[in-house]
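>>> mind looking at a prediction? Sequence and model below.
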Amino acid sequence: MKISIDHKSDSLTLDEEDRYKRHLTLNEIGLKGQLKLKRSSVVCIGAGGLGSSVLIYLAAAGIGTIGIVDNDQVEKSNLQRQIIHETNTVGDLKIDSAQERIRRLNPNIEVITFAERINSNNILDIINQFDIVCDCSDNFGTRYLINDACLILDKPLVFGSVQGFEGQISVFNLKKNSPNLRDLLPESPLKNNIPSCEEFGVIGVSTGLIGVLQANEAIKIILKKGQILDGKILIFNLLNMNIKTLTLKADKFTNTINDLSEFEDFYKDIECQDNIKINKIDSTTFETLYRSNYNNLLIIDVREKEEFNKYSIKGAISIPLNNLDQKPHLEFIKQESLDKEVFTLCQAGKRSEKASKILMKFKISSKSIEGGIANIKQLIFH
C-alpha cells in the first residue's frame, strides 16, 4: 500500500488544536512544529516491546502517518511488555491490534500496516514511503537488513535494543557521514555469538523506556531540535540505574552498501536456545497430516487456552507455548511419543515452529504444521 500525506497542510483541525495544546505552548514545537509532525511519516518495524511504546507515543504526538510492519500474532506472554496489545487481542495479528489501539488513542493518525515479515525483497519498497525508520525488531539479522536498506535509501534510522534490564539506543545514518550499525558491530552476530533471542528474557519497563526514547529521537529529528543521538550510543541499565553515553565514529567503508544481495549472510535469522544454535525443524502440511492414521498421532496445540476453546482440531491436546517446557508436560509428551508421531500446531505456524524447537532441545522429535489452523480448510471442530 502506498501512503498519501498532505504535505501542503498549513493548519490544524479544532480537534488537533485541543489535543496538542501542551505542544503548542512549547517554544520548541508550537504551531510550526506541530504541523511538521502532522506532515511527517515514520515506519516502525516490529510491533512488540519496543514498537509498543514507539507507536503509542508517536501517535499521541501527532505524527501524521505511521507504518507498522509485523506478521506475528499477539501471545499472552507478550502482554508483560508489549503494552499496545490487550488480553482480548491475544491471537490477533499484532498490526491489527496496534492499529486499533492507535485509532482509539488518536483518530487523526493515518496508519498503514504491512502483514509481512521484513526481508530483502520487500524492505526497500516499504521503507522508501516513509521519512524515518524505527528499528524495533528482535534479532540481529533483521537489524542488519534494516540498517543496510536505510543506507541505500538514505533514510535516518532510530535504533533500539533491549536485553534483560539493559537497553541501548542510537540514531544511524542521519547525515552523509553519520555512523551506522556496522560501525557498532562490523561482524556478523553469528560469528560473534551475540545473544539475540527472546529466550534470554527482558523486563517490560526496559522495552518501554527504550521505545519512548526512540519515539523522542524521531520527534527531535522531525523538529530538528535538541541533541540527537547521531554518533552516540545511550546505554541504560535499569537494575543499577547506570547511564552511559558512548561515542561512535563512522567508517567510510561501512557506508558503501549498494545492493542487499551482497550481505545475505548478515540477514539470516539466528535461532538460539541456551546459546546453542538449533538445527532447522521438520514441518508438514495439514493435507499430509489428514491422510495419516489419527490413532498414531499426537497433535499439540500450543495456542493460548482462549484460542483453543474457540475452535480446535479433534483430538488435539492443548499445551500453551509458554507452558510447554514444564516438567509434567514434557514427561507426558515423552511418554505419548513412544508409539506416536508428534505434531505441533498454532494459529499461523510461527508458534508451532518455536514449540518444535523447544521439544528438540529436550530430544523430542516433532513436526510443525505449516500455516497453522488459519491455513487449514478441512477441519473437524468440536
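Thanks, I have the structure now.

>>> what is the neighbour count of the nearest residue to Ile95 once chain neighbours are set aside?
Distances taken as C-beta to C-beta, 6 or more residues apart in numbering place Thr113 nearest to Ile95, at 4.0 Å, with adjacent residues excluded. Any C-beta I mention is one placed from the backbone N, CA and C, and that applies to glycine too. Residues near Thr113, counting by other C-beta atoms under 10 Å, number 18.

>>> what about Ser206, which helix or strand?
helix 204-223 (DSSP states H and E).

>>> ok, Gly211 to Val162 distance?
9 Å (C-beta to C-beta, to the nearest Å).

>>> who's more crowded, these two?
Using other C-beta under 10 Å as the criterion, Gly211 and Val162 rank with Gly211 on top: 32 against 27.

>>> what is the burial count for the closest residue to that one other than its chain neighbours?
Spatially, and ignoring its direct neighbours in sequence, Gly211 is nearest to Ser53 (2.7 Å; C-beta to C-beta, 6+ apart). Per other C-beta under 10 Å, the neighbour tally for Ser53 reads 24.

>>> tell me where the model's unsure across the stretch 151-300 of the chain.
The model of the stretch 151-300 of the chain has pLDDT under 70 over residues 187-200, 253-255, 265-266, 268-280, 289-295.

>>> so Thr288 versus Val74, what's the distance?
Going from Thr288 to Val74 by C-beta to C-beta gives 29 Å.

>>> now Ser137
Using C-beta to C-beta, Ser137 is found at 17 Å from Val74.

>>> return the residues in contact with the residue nearest to the spatial centre of the chain.
For the chain, the residue sitting closest to the mean C-alpha position, by C-alpha atoms, centre = their mean, is Gly46 at 2.6 Å. With contact set as C-beta atoms under 8 Å, 6 or more residues apart in numbering, Gly46 has these partners: Val69, Asp70, Asp135, Cys136, Ser137, Asp138, Thr142.

>>> would you mind giving those as JSON lines with distance to Asn180 added?
Shown next, in JSON lines, are these (distance: C-beta to C-beta, whole Å):
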{"residue": "Val69", "distance to Asn180": "20"}
{"residue": "Asp70", "distance to Asn180": "23"}
{"residue": "Asp135", "distance to Asn180": "11"}
{"residue": "Cys136", "distance to Asn180": "17"}
{"residue": "Ser137", "distance to Asn180": "15"}
{"residue": "Asp138", "distance to Asn180": "19"}
{"residue": "Thr142", "distance to Asn180": "15"}
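
>>> give the buried residues for stretch 24-41.
Residues of stretch 24-41 classed as buried by neighbour count (16 or more other C-beta atoms under 10 Å): Leu24, Ile29, Gly33, Gln34, Leu35, Lys36, Leu37, Lys38, Arg39, Ser40, Ser41.

>>> tell me which of those fall in helices.
Leu24, Gly33, Gln34, Leu35, Lys36, Leu37, Lys38, Arg39 (DSSP state H).

>>> quick one, helices of the stretch 1-150 of the chain?
14-19, 21-24, 30-39, 49-61, 94-105, 123-127, 140-153 (DSSP state H, counting those that start in this stretch).

>>> I misspoke; the intended subject was the stretch 201-350 of the chain.
Taking DSSP H, counting those that start in this stretch as the test, the helices found in the stretch 201-350 of the chain are 204-223, 264-267, 286-290, 305-310, 327-336, 350-361.

>>> convert stretch 11-31 to CSV, retaining C-alpha atoms only.
The C-alpha trace of stretch 11-31 is given here as CSV (Å, rounded to 0.1, in the frame of the first residue of the first chain):
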residue,chain,number,x,y,z
SER,A,11,-3.5,24.2,9.6
LEU,A,12,-4.7,22.0,12.4
THR,A,13,-8.3,20.9,12.9
LEU,A,14,-10.1,22.1,16.0
ASP,A,15,-9.7,18.6,17.5
GLU,A,16,-6.0,18.7,16.8
GLU,A,17,-5.6,22.2,18.4
ASP,A,18,-7.3,20.9,21.5
ARG,A,19,-5.4,17.6,21.5
TYR,A,20,-2.0,19.2,21.1
LYS,A,21,-2.4,22.2,23.4
ARG,A,22,0.7,21.2,25.5
HIS,A,23,2.8,21.0,22.4
LEU,A,24,1.6,24.3,21.0
THR,A,25,2.7,26.1,24.1
LEU,A,26,6.2,24.8,23.9
ASN,A,27,8.7,27.1,22.2
GLU,A,28,10.5,24.1,20.7
ILE,A,29,7.3,22.9,19.0
GLY,A,30,4.5,25.5,18.6
LEU,A,31,2.2,25.5,15.6
